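A.B. asks: Need a 3D model of the following:
(chains A and B)
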Number of protein chains: 2
Amino acid sequence: MKVSVIRLGHRKERDKRITTHVCLVARALGADGVVLCGEEDPQVISSVEKVVENWGGKFSAKYEKSWKKAIAAPKKKGECLVHLTMYGERVQDVIGKIRTVAKRKNIVVAVGAEKVPGEVYDAAEFNVCVASQPHSEVAALAIFLHELFQGKELEKKFAKPRIAIVPTAKGKKVIGKK
Amino acid sequence: MKVSVIRLGHRKERDKRITTHVCLVARALGADGVVLCGEEDPQVISSVEKVVENWGGKFSAKYEKSWKKAIAAPKKKGECLVHLTMYGERVQDVIGKIRTVAKRKNIVVAVGAEKVPGEVYDAAEFNVCVASQPHSEVAALAIFLHELFQGKELEKKFAKPRIAIVPTAKGKKVIGKK
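C.D. replies: Numbers count the residues shown, from 1 in each chain, chains lettered A, B, ... in the order given. Just a heads-up that it's a prediction; the model follows:
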């Protein structure tokens, strides 16, 4: 199973940091890449690429001007589009079904910034909520990936890092250099 | 068990949205309140209070000028301070121990914005990482709370909401009005 993330509706000024968090969470928690829609923002892409360079593993970050194209792509490729929204079905109710689908299809997870167009709800095979409360697309993505991978994403090794952390109870243990 | 969150090192311009996400994630995923340190930012607090007003439940958001005081408070009150940091012990290795502690002590979870002072690492009973990779304090907090509550936080009911969502496969079902 491959998992990728689509970030919808990025606004350069307002969303720079949140979108960067979305990308880094996707990478850290087991996704293979991210597609950014909305305003073009090479800074976000280059800061994600820098993290990949330093911290290892494979992860792609690309820009797609047309969100309609980005949202239509999964169906064309036989992939399963999951849209994370506070209005969707509860993740705890549907994650089993999605894990079953994931055995035969790649999963594409869409998260929105500004108001998400109705077409996204229609295009999604699953509209999924992580708590029907306003909070954060960063958190929703994290919990969704954690549930999809059943915690195994936390064991992921990132190939050929320049820098890596040795988990420790106090202080900081770092191997290598940026 | 009560759970609260300390947000360290908030910078008004840079962190407004991320700090707001931290607060809303704390609320949505079962914490009882948040203490904000760093630059004073009444806007963040009022936007969190507005969410509480509209979406129900009890949740407090307070400002504490002195992060040293905020960090020292848990020990004085017999609470357990957990510091989320990419350098800490792996959440999957220590969450069992923390759940045991949580049976007799309240849990206070600290997440940093800018570089966190060494004193925080020393004051924490647990320094915990969610993947030893750079990503997002919002995501780390979400996964930590999800693991601490073992998914039960997603069943939480928020008392007396003005507005609530009925989870649904397509579209939006909302009850009430802001």
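A.B. asks: Quick check: which element contains A:E89?
C.D. replies: strand A:80-90 (DSSP states H and E).
A.B. asks: all helices of chain A, in order?
C.D. replies: Applying DSSP state H to chain A gives helices spanning A:12-28, A:42-55, A:67-76, A:91-101, A:118-123, A:137-148.
A.B. asks: Tabulate these (CSV), appending mean pLDDT.
C.D. replies: Putting these into CSV (pLDDT from 0 to 100) gives the following:
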stretch, mean pLDDT
helix A:12-28, 96
helix A:42-55, 98
helix A:67-76, 97
helix A:91-101, 98
helix A:118-123, 97
helix A:137-148, 98
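A.B. asks: what's the most buried one of those helices?
C.D. replies: Neighbour counts (mean count of other C-beta atoms under 10 Å in any protein chain shown) averaged over each of the helices of chain A peak at helix A:137-148, with a mean of 26. C-beta: built from backbone N, CA, C; applies to glycine.
A.B. asks: and that one with helix B:137-148, angle?
C.D. replies: On the basis of axes from the mean of the first three to the mean of the last three C-alpha atoms, to 10 degrees, helix A:137-148 is oriented at 40 degrees to helix B:137-148.
A.B. asks: Who are the packing partners of helix A:137-148?
C.D. replies: Applying 3 or more C-beta pairs under 8 Å, 6 or more residues apart in numbering or on different chains; DSSP states H and E, one finds that helix A:137-148 contacts strand A:3-10, helix A:12-28, strand A:80-90, helix A:91-101, strand A:107-112, helix B:12-28, helix B:137-148.
A.B. asks: Those: which one's closest to B:S46?
C.D. replies: Comparison of the helices and strands packed on helix A:137-148 against B:S46 by C-beta to C-beta identifies helix B:12-28 as nearest, at 10.5 Å.
A.B. asks: For that closest one, name the packing helices and strands.
C.D. replies: Short answer (3+ C-beta pairs under 8 Å, 6+ apart): helix B:12-28 packs on helix A:12-28, helix A:137-148, strand B:3-10, strand B:33-38, helix B:42-55, helix B:137-148.
A.B. asks: is it possible to export the ones you listed to CSV including distance to B:I107?
C.D. replies: As requested, those are arranged in CSV below (distance: least, C-beta to C-beta, whole Å):
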stretch, distance to B:I107
helix A:12-28, 23
helix A:137-148, 18
strand B:3-10, 5
strand B:33-38, 12
helix B:42-55, 20
helix B:137-148, 7
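A.B. asks: Which among these is found nearest to B:A169?
C.D. replies: Between B:A169 and the helices and strands packed on helix B:12-28, the shortest gap by C-beta to C-beta is with helix A:137-148, which sits at 16.0 Å.
A.B. asks: the inter-axis angle of that closest one versus strand A:107-112?
C.D. replies: 160 degrees.
A.B. asks: could you check the angle helix A:91-101 makes with helix A:137-148?
C.D. replies: Using the same axes, to 10 degrees: helix A:137-148 against helix A:91-101 is 60 degrees.
A.B. asks: Now do stretch A:157-176: distance from first to last residue.
C.D. replies: Terminal residues of stretch A:157-176 lie 16 Å apart, using C-alpha to C-alpha, to the nearest Å.
A.B. asks: let me redo that: stretch A:162-172
C.D. replies: 16 Å.
A.B. asks: average pLDDT across that stretch?
C.D. replies: Per-residue pLDDT over stretch A:162-172 has a mean of 97.
A.B. asks: That one near chain B at all?
C.D. replies: Yes - contact of stretch A:162-172 with chain B (C-beta under 8 Å from any C-beta of the partner chain) involves A:164-172.
A.B. asks: which residues touch that stretch?
C.D. replies: A:53-56, A:158, A:173-178, B:86-90, B:93, B:118, B:121-122, B:126-127, B:129, B:132-133 (C-beta atoms under 8 Å, 6 or more residues apart in numbering or on different chains).
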